[in-house]
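Visitor: okay, sequence plus prediction incoming.
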Amino acid sequence: MSRIIFLFSILAFFVTLPTPSAIADTAGANELMILYSNNVNGETEPCG
Amino acid sequence: MGGLSKKASQFTRHIKESKRPFLILDGGSLLFKSKSLTKKLENQARITAKGIVKTYNLIGYDAVGVSSQDLAAGLNFLLQTKKNSKFDWLSANIINKSNGKPLFKPTISRTIGNIKIGVVGLTNPLPANSKLLNKDTEIKPWRDTMPAIINGLSKDHDFIVLLTSLPAKECREIAKIYPAINLIIRAKNSDASQLPTNLTETTAMVSTGKKGKYIGMMNVKWYPGSTWQAPNHELLAGKKEERDRLNRQLALQKNRSAQNYYYQKIQSRLKVIDKTIELMEQEGEPATKNATPKSSYQNRFMAMEISLPDHAAVLEIVEETKRLVNKLNSEATRTVQNNKLINKGFTGWRTCRKCHSDQVKNWQKTRHASSFLTLIKKNQQFNPDCLSCHVTGVDTNDPSAAIGMPSDLQIVGCETCHGPGTLHSMNPVSHKTTPVTEKICMNCHVPNHDESFDFASDIKKLKCKF
């Protein structure tokens, strides 16, 4: 009986764990990073 | 500047290190140095522009705003460039007159986490007499195109970004009329980066300094329908960062003269920053009157890191671009002997040596005497953008004059500082050379190229006393 209870509790633990993708969706759901530039002005490489 | 290969490495590193989802955007004025190109420099500018686009493809940019400066090689060139771009060129107001349709994508959409982001581009107008557009094309005023665009975007987007090259005054007006725009990334032709400024409660504006020397990184926490947190904290941190940077620069200048132009410039900037910090600290953080969460951002400008390794694939693109530019200009050299400088009265250092051999001997020990070799080592010896500061007698406003010039002038020679010497060499009594002034040196030794230049001490290195 105690083994069955133990197995059920293990099963319940895994059922309640969020999947990795769910973690990614909720953590920082309102956050974003913007990398930006402007006025590169045709520059590629220093002269010397 | 560190160059595109360093910039690509920096981007790659930040993207790898950051666990946040991201967008990569450019406000515009990407391809060219100026709004119009001289015929001599147009082909070179086109080659360079193609190299930049290949690099942006590799970095993985999402979108670039079309600035009127990006039209400098003509609309057809930009339309062709668009076809070779893996990112979107955005402009809501470059319109085909006959069917009223835009020639570029006006907007793009991205979803990051819970936030649906709309990005829109607006192009600044060209002068009325400009021939860069085709006959059936026009740049419409933003007042005509924006209402429909913003109405459409705001229906199903949480966060709207505007990429534009419009003047700041017009951006402020746009922010007031369209509170749905949350961030303006403005292509601004200035050396200094512009910290984010809240134009209204819902719209912030930001710019990086010109020539691609900086990358901006903005971490945004956005609650749809909310307003921006008062930016005091962010601004204060930015001002303190700037104060630290200026103090470091001042420490580098400690052995220089207090009269040094750059030293004085830093000192006066420091005074302004100190006063601003003092006022901001007195003001303190504004009290939160209600519990509604406010949206916030943290912004950083990252200077190019010279110590970073080059991005191998981008370095290859840059090298290929330089090879093509050199090939183009060296072919031009073979066909055209440039006598412009001879006509302007320049004679070359060998003529000066006939009477001033000691001075020439000293000069030959300086880096001025090997300035052209520096370019050869970097494979930039046919690049007019570099040549004007590495040869004698070329007006920095007309660098194309440096192509095909006589070999005696392919150094920073006597006449760079003392002026054209042909007449002086024929009759030194009646034709005196020009006295050397700081202004002459500042044609090239500007802070952008030479941060530690100090006229009073550096002139002594040349030992040109007569």
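Guide: Good, I have the coordinates.
Visitor: could you check how many residues crowd around B:Cys355?
Guide: 12 (other CB atoms under 10 Å in any protein chain shown). C-betas here are computed from N, CA, C, even on glycine.
Visitor: what residues does the stretch 351-466 of chain B have near chain A?
Guide: Residues of the stretch 351-466 of chain B lying close to chain A (CB under 8 Å from any CB of the partner chain) are B:374-375, B:377-378, B:380, B:383, B:385-386, B:389-390.
Visitor: what about those, which are in helices?
Guide: The members of those that map onto helices under DSSP state H are B:374-375, B:377, B:385-386.
Visitor: now do the same end-to-end measure for stretch B:431-442.
Guide: End-to-end distance for stretch B:431-442, by CA to CA, to the nearest Å: 25 Å.
Visitor: what residues sit buried inside that stretch?
Guide: For stretch B:431-442, a neighbour-count test (16 or more other CB atoms under 10 Å in any protein chain shown) marks B:433, B:436, B:438, B:440-441 as buried.
Visitor: and what of stretch B:421-428?
Guide: Buried residues in stretch B:421-428 (16+ other CB under 10 Å): B:421-422, B:424-425.
Visitor: with stretch B:88-98 instead?
Guide: B:88-95.
Visitor: and for stretch B:76-90?
Guide: B:77-79, B:81-82, B:85, B:87-90.
Visitor: quick one on the thing from earlier: make TSV from the buried residues of stretch B:431-442 and add pLDDT and secondary structure to it.
Guide: Below are the buried residues of stretch B:431-442 laid out as TSV (pLDDT from 0 to 100; DSSP: H, G, I helix; E, B strand; the rest coil):
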residue	pLDDT	secondary structure
B:Thr433	86	coil
B:Val436	86	coil
B:Glu438	88	helix
B:Ile440	88	helix
B:Cys441	89	helix
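Visitor: re earlier: ok, the buried residues of stretch B:88-98 vs B:Lys169, which is closest?
Guide: Closest approach to B:Lys169 among the buried residues of stretch B:88-98 (CB to CB): B:Asn93, at 17.4 Å.
Visitor: can you pull the pLDDT of the closest one?
Guide: pLDDT recorded at B:Asn93 is 97.
Visitor: weed out the non-buried ones from the ones in helices among the residues of the stretch 351-466 of chain B next to chain A.
Guide: B:375, B:385-386.
Visitor: residue of the stretch 301-450 of chain B closest to chain A, please.
Guide: Chain A sits closest to B:Cys386 of the stretch 301-450 of chain B, with a gap of 3.3 Å, by CB to the nearest CB.
Visitor: what about that residue, distance to B:Leu236?
Guide: Going from B:Cys386 to B:Leu236 by CB to CB, to the nearest Å gives 40 Å.
Visitor: that older thread, take the buried ones among the ones in helices among the residues of the stretch 351-466 of chain B next to chain A and write them to TSV, including pLDDT.
Guide: Listed next are these as TSV, based on pLDDT from 0 to 100:
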residue	pLDDT
B:Leu375	86
B:Asp385	76
B:Cys386	82
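Visitor: test my guess that B:Leu375 contacts B:His390.
Guide: Yes - shown here, B:Leu375 and B:His390 form a contact pair, counting by CB atoms under 8 Å, at 5.2 Å.
Visitor: picking up where we left off before, and which of the buried residues of stretch B:88-98 is nearest B:Gly348?
Guide: Nearest to B:Gly348 among the buried residues of stretch B:88-98, counting by CB to CB, is B:Trp89 at 46.8 Å.
Visitor: hmm, that closest one is touching B:Gly121, no?
Guide: Yes - here B:Trp89 reaches B:Gly121: they are 7.4 Å apart, a contact under CB under 8 Å.
Visitor: confidence-wise, which helix or strand of the chain is lowest on average?
Guide: Looking at chain A here, since you left the chain open. helix A:20-26 (a mean of 36; mean pLDDT, DSSP states H and E).
Visitor: switch to chain B, please.
Guide: helix B:340-343 (a mean of 59).
Visitor: low-confidence stretches in the chain?
Guide: Picking chain A for this. A:1-28, A:45-48 (pLDDT under 70).
Visitor: switch to chain B, that's the one I care about
Guide: Short version for chain B, where the test is pLDDT under 70: B:1-2, B:231-234, B:253-259, B:282-292, B:332-343, B:395-404, B:448, B:465-466.
Visitor: residue nearest the middle of it, spatially speaking?
Guide: What sits nearest the mean C-alpha location of chain B, by CA atoms, centre = their mean, is B:Lys211, with 1.7 Å.
Visitor: tally of neighbours for A:Asn30?
Guide: 18.
Visitor: for it, list the residues it contacts.
Guide: In this structure, A:Asn30 makes contact with B:113-115, B:221-223, judged by CB atoms under 8 Å, 6 or more residues apart in numbering or on different chains.
Visitor: could you check how far it is from B:Lys294?
Guide: 12 Å.
Visitor: shared neighbours of the two, which are they?
Guide: B:Tyr223.
Visitor: now, the contacts of A:Asn30 that are in strands?
Guide: B:115, B:221 (DSSP state E).
Visitor: just the contacts of A:Asn30 that are near chain A?
Guide: Near chain A, by the rule CB under 8 Å from any CB, you find B:113-115, B:221-223 out of these.
Visitor: which SSE is B:Thr48 in?
Guide: Using DSSP states H and E, B:Thr48 maps to helix B:39-59.
Visitor: that helix: how far from the chain's middle?
Guide: Distance of helix B:39-59 from the chain centroid (CA atoms, centre = their mean, to the nearest Å) equals 15 Å.
Visitor: how about it as CSV, C-alpha atoms only?
Guide: The C-alpha coordinates for helix B:39-59 follow below in CSV (Å, rounded to 0.1, in the frame of the first residue of the first chain):
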residue,chain,number,x,y,z
LYS,B,39,30.5,60.6,-59.8
LYS,B,40,34.1,59.6,-59.0
LEU,B,41,33.1,58.1,-55.7
GLU,B,42,29.7,56.6,-56.6
ASN,B,43,31.0,53.2,-57.8
GLN,B,44,33.2,52.8,-54.7
ALA,B,45,30.2,53.7,-52.5
ARG,B,46,28.1,51.1,-54.2
ILE,B,47,30.7,48.4,-53.6
THR,B,48,31.0,49.3,-50.0
ALA,B,49,27.2,49.4,-49.6
LYS,B,50,26.9,45.8,-51.0
GLY,B,51,29.5,44.7,-48.4
ILE,B,52,27.6,46.3,-45.6
VAL,B,53,24.4,44.6,-46.6
LYS,B,54,26.1,41.2,-46.7
THR,B,55,27.4,41.8,-43.2
TYR,B,56,23.9,42.8,-41.9
ASN,B,57,22.6,39.6,-43.5
LEU,B,58,25.1,37.6,-41.5
ILE,B,59,24.5,39.4,-38.2
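Visitor: would you map the helices across the stretch 251-400 of chain B?
Guide: For the stretch 251-400 of chain B, the helices defined by DSSP state H, counting those that start in this stretch occupy B:261-283, B:312-335, B:340-343, B:349-353, B:357-364, B:371-377, B:384-387.
Visitor: the spatially closest residue to B:Lys294 that is not a sequence neighbour and B:Ser165: what is the separation?
Guide: Among residues not flanking B:Lys294 along the chain, B:Gln229 sits closest, at 4.0 Å (CB to CB, 6 or more residues apart in numbering or on different chains). Separation of B:Gln229 from B:Ser165 (CB to CB): 28 Å.
Visitor: compare those two (neighbour count), which wins?
Guide: B:Ser165 (25 against 19).
Visitor: that one is in contact with B:Leu71, isn't it?
Guide: No - using CB under 8 Å, B:Ser165 makes no contact with B:Leu71, being 10.8 Å away.
Visitor: wait, A:Tyr36 touches B:Gly27, no?
Guide: Yes - between A:Tyr36 and B:Gly27 there is a contact at 6.9 Å, judged by CB under 8 Å.
Visitor: what's the overlap in contacts for the two?
Guide: Shared contacts of A:Tyr36 and B:Gly27, counting by CB under 8 Å, 6+ apart, come down to B:Ile185.
Visitor: neighbour count: these two, which is higher?
Guide: Taking neighbours as other CB under 10 Å, A:Tyr36 and B:Gly27 compare with B:Gly27 leading, 28 against 23.
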